[in-house]
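1. sharing a sequence plus its predicted fold:
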Amino acid sequence: MRLRRTRVAEAASLPPLLCRWDLDKTYLRSEFDTLRQLIRTARERGEDKVEVPGVAELMKSLWAAARRQGRPVASYFISASPPQIGKAIREKLALDGVPYDGIVFKNQLRHIARGRFHLLREHVGFKLAELLRGRATALPGTRELLFGDDWESDPLTYSLYADVVAGRLAAAELLAIVSRLGVDEELLPDIGASAGRVCGADGVERIFINLERRTPPAVFRLFGPRLVPTFNYFQTALVLAADGWLAAEDVARVATELVDRCGFTPRRLENSLADLLRRRLMTSDVARRIAQPLRGVGLLPPEPRSWRAWLERVRARLRPPPTLAPQTGPLDWDAILARLRPRRAASIPATRQV
Amino acid sequence: MPTIAVDAMGSAEHAEAAVRGVAEVSVRTAIECVLVGDERRIQSLLEQLPYNPEQIAIRHCSGEDDRPERSLAAPWRRGSSLWQALRAVVERRADAVVSGAPASVCLRAASQQFTTIPGVHQPALATVFPRRHAPNQDPLALLLDAGASARCQVRDLVLFAAMGHAYARCVSKVASPRVGLLNMGRDAAVGDDMLVEAYRRLADVSGLDFVGNVVGADLIGDKADVVVCEGFVGAVAASLLDGLAAKLGEAGRVPSDSTLLGRMGLRRLGQGAPDPEAWFDERGYGGAPILGYQQLLVVCRRWDVRTVANAVKVAAKAVRDQVPAALADAVSATAR
């Protein structure tokens, strides 16, 4: 199974790419729904840990594609897990051959030592502070891709961060929102200062949310078209390819991994692609362009040649174009907070709409 | 893994039940489904639900019609979702069909698309119903024909018995299913000439554990695992069981709700006893397969999320257990 490699770009003139990943449920299939699972997860070694199907190949592909394009690339993990599991995580990353530049863990022991147990599960403040801090040290013009999951508050945290970076949310407005969310008050000065530094820097291209819990995609409509909920990393790779971050050969690498090691079939990959088209996250023309090489090597079923299939392709072309336009207007944060945390949003007087 | 085409036809509620049922199946099992209906409507419903897109394909059909009488009048209409669902099986894009269209509509459409098993002249609608059973015995018995056609001939009754026997062995895993002929008395000589002749022929079929005639009271007993009869009689019997269960459930509820003593006693007592209505509720058993074709079609009389999900599972199980091949073997053995 071979695909022709795309030509390596000559000049390194493209803006740098910064990828930031959540760890649990995004990269790793961590189970900590019960205390027993939590203890087992904490005691796991690197080789015991299991990654989400296709994620390691996607990470490597992003890195390789950026290199081919002559684009500087950096990849970081921001995890709310305690630093005590860091050794096992680094072992796992080494086993998978995943390139990365750093991992930030949340110091949970600090909260336990001070008896602030309610902050153990509060990750918005921690992640936001780390995202903003990291961005403040990034090169100007950096483009960003953020990867999270639907288990905790990644969509909210990433969208807040992206709006600040896009200049649509001022530091004061951000602080009002995070105060409503009940984040660690000690983090507020840091968040405010960092937000002031990076506000308007721009560059968050996409937020990918891995629907590990199978959360209905409609739930994320409030976050706008910048946030893309995907059910597997083949879908993520396809959207990245449609955006130009990956080539068809990179998508094929992810697909091959899913078929060879994770029990996917060409038909299941085809269904995943069709789902993206129906959700209007890609145009049919782009999908055909990306899928063609995959069909050639048997990763997707061959395109049917009947008149019905031809009619279907014509019909797909006549569909309204997908809403791939970048986020332009501000998000309705009051609506988002009311949806995500109804009790808290109801109990605290709303700030003005941002 | 089997792929089941689900007819997401008709009204908005009908389509919603189909989509919800399929979404549930996609999250909880490895069964793949093809939803056949209006793509936009299906997708907008799907996005509101937890689902697994890897296991769901949508086959668009533009000829949707919300009026069931239209479907009744023209089941062969090429644009209809039922037609498209059957087509998906013929084109080998799916292994079986689940539909909530009336059985008569399904039969007319299937007769134009599916191929009958050689030797079968008349397909049968096979429905399951709960019966008294011993420990380790299947709690459900199979009744066919439950209304695919009103009348039939002796040879059809014999083939119904052979197909029901094979189905019970494959799907219900009954090692040697006992087959009974529904009649007005237990003696071999009762009934009209056709039933007497059918009794004689069934008793001669080798490999068939024929237990003789069964009467209405035996239906919910444990005398037979498979009961064969004409479609007219089968439909009445199935419908009678449904109605009786509903009435029994209602009879238990009325005194418990109407008086204080009833509320105190009967409700508590009722919590320990099975609800007859739930016991007979076909939603728990999925739909009724039409036997006699080389392809599989499961028909659901009710159409809600639970029925759709269970019907898809029944269809997938039948595909996995290679029911059409087993039926063909049984029919050819009977013909010999």
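-> In hand now; what should we look at?
2. count of neighbours near the residue in the stretch 51-200 of chain B that chain A sits nearest to?
-> Here the stretch 51-200 of chain B gets closest to chain A at one residue, residue B:53, 3.5 Å apart by CB to the nearest CB. Every C-beta, even on glycine, is put in place using the N, C-alpha and C of the backbone. If you count neighbours by other CB atoms under 10 Å in any protein chain shown, residue B:53 ends up with 26.
3. quick check, pLDDT for the residue lying closest to it once chain neighbours are set aside.
-> The shortest distance from residue B:53 to any non-neighbouring residue, by CB to CB, 6 or more residues apart in numbering or on different chains, is to residue A:275 (3.5 Å). pLDDT for residue A:275: 95.
4. contact partners of the one helix or strand residue A:275 maps to?
-> Assigned by DSSP states H and E, residue A:275 falls within helix A:266-278. The contact list for helix A:266-278 (CB atoms under 8 Å, 6 or more residues apart in numbering or on different chains) reads A:230-232, A:234-235, A:238-239, A:255, A:258-259, A:282, A:284, A:287, A:291, A:294, A:298-301, A:316, B:3, B:32, B:39, B:43, B:53-58.
5. quick one: buried residues of the next helix-or-strand element following that helix?
-> Next helix or strand after helix A:266-278 toward the C-terminus (DSSP H and E): helix A:284-296. By neighbour count with 16 or more other CB atoms under 10 Å in any protein chain shown, helix A:284-296 contains the buried residues A:284, A:286-288, A:290-291, A:293-294.
6. neighbours around residue 197, how many?
-> By default, I'm working from chain A. Quick note: residue A:197 (other CB under 10 Å) scores 14 neighbours.
7. wrong chain, I was asking about chain B
-> 16.
8. again with residue A:99
-> 15.
9. surely it is in contact with residue A:66?
-> No: using CB atoms under 8 Å, residue A:99 is not in contact with residue A:66, being 10.1 Å away.
10. strands along the stretch 1-150 of chain B, start to end?
-> Ranges of strands within the stretch 1-150 of chain B are B:3-7, B:32-37, B:56-60, B:96-99, B:124-130, B:140-144, based on DSSP state E, counting those that start in this stretch.
11. which stretch among those is buried most, on average?
-> Most buried of these by mean neighbour count (mean count of other CB atoms under 10 Å in any protein chain shown) is strand B:96-99; its value is a mean of 30.
12. what strands flank it, and is each parallel or antiparallel?
-> strand B:3-7 (parallel), strand B:296-299 (parallel) (DSSP bridges).
13. hmm, whichever helix or strand comes after the shortest one touching chain A?
-> So the one you mean is strand B:296-299. As assigned by DSSP H and E, the chain's next helix or strand after strand B:296-299 is helix B:305-320. No: under the criterion of CB under 8 Å from any CB of the partner chain, chain A is not reached by helix B:305-320; the shortest gap measures 15.1 Å.
14. just checking, the residue of the stretch 51-200 of chain B closest to chain A touches residue A:231?
-> Yes: using CB under 8 Å, residue B:53 is in contact with residue A:231, at 5.1 Å.
15. what does the stretch 151-300 of chain A have sitting close to chain B?
-> So the stretch 151-300 of chain A meets chain B at A:213-218, A:231-232, A:235, A:264, A:267-272, A:274-275, A:278-279 (CB under 8 Å from any CB).
16. just the buried residues out of those residues, in ChimeraX syntax.
-> Burial among those is assessed by 16+ other CB under 10 Å; the matching ChimeraX selection reads:
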select /A:214,215,216,217,231,232,235,264,267,268,269,270,271,272,274,275,278,279
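17. for the strands paired with strand B:96-99, which one sits closest to residue A:79?
-> strand B:3-7 (38.9 Å; CB to CB).
18. any stretches of chain A with poor pLDDT?
-> A:1-12, A:32-35, A:37-38, A:316-317, A:319-328, A:341-354 (pLDDT under 70).
19. circling back to that earlier point, with respect to residue A:48, which of the buried residues of helix A:284-296 is nearest?
-> residue A:294 (32.6 Å).
20. so who does the closest one touch?
-> A:248, A:251-252, A:255, A:269, A:300.
21. before we move on, back to that, could the strands of the stretch 1-150 of chain B go into CSV alongside mean pLDDT?
-> Formatted as CSV, those follow (pLDDT from 0 to 100):
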stretch, mean pLDDT
strand B:3-7, 95
strand B:32-37, 94
strand B:56-60, 92
strand B:96-99, 95
strand B:124-130, 89
strand B:140-144, 90
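22. which one of those lies closest to residue B:306?
-> strand B:96-99 (13.0 Å).
23. the residue of the stretch 1-150 of chain A found nearest chain B: neighbouring residues, count only.
-> Nearest residue of the stretch 1-150 of chain A to chain B (CB to the nearest CB) works out as residue A:150 at 10.1 Å. As a burial measure, residue A:150 scores 21 neighbours (other CB under 10 Å).
24. can you tell me which residues contact it?
-> Neighbours of residue A:150 in contact, by CB under 8 Å, 6+ apart: A:209-213, A:215, A:229.
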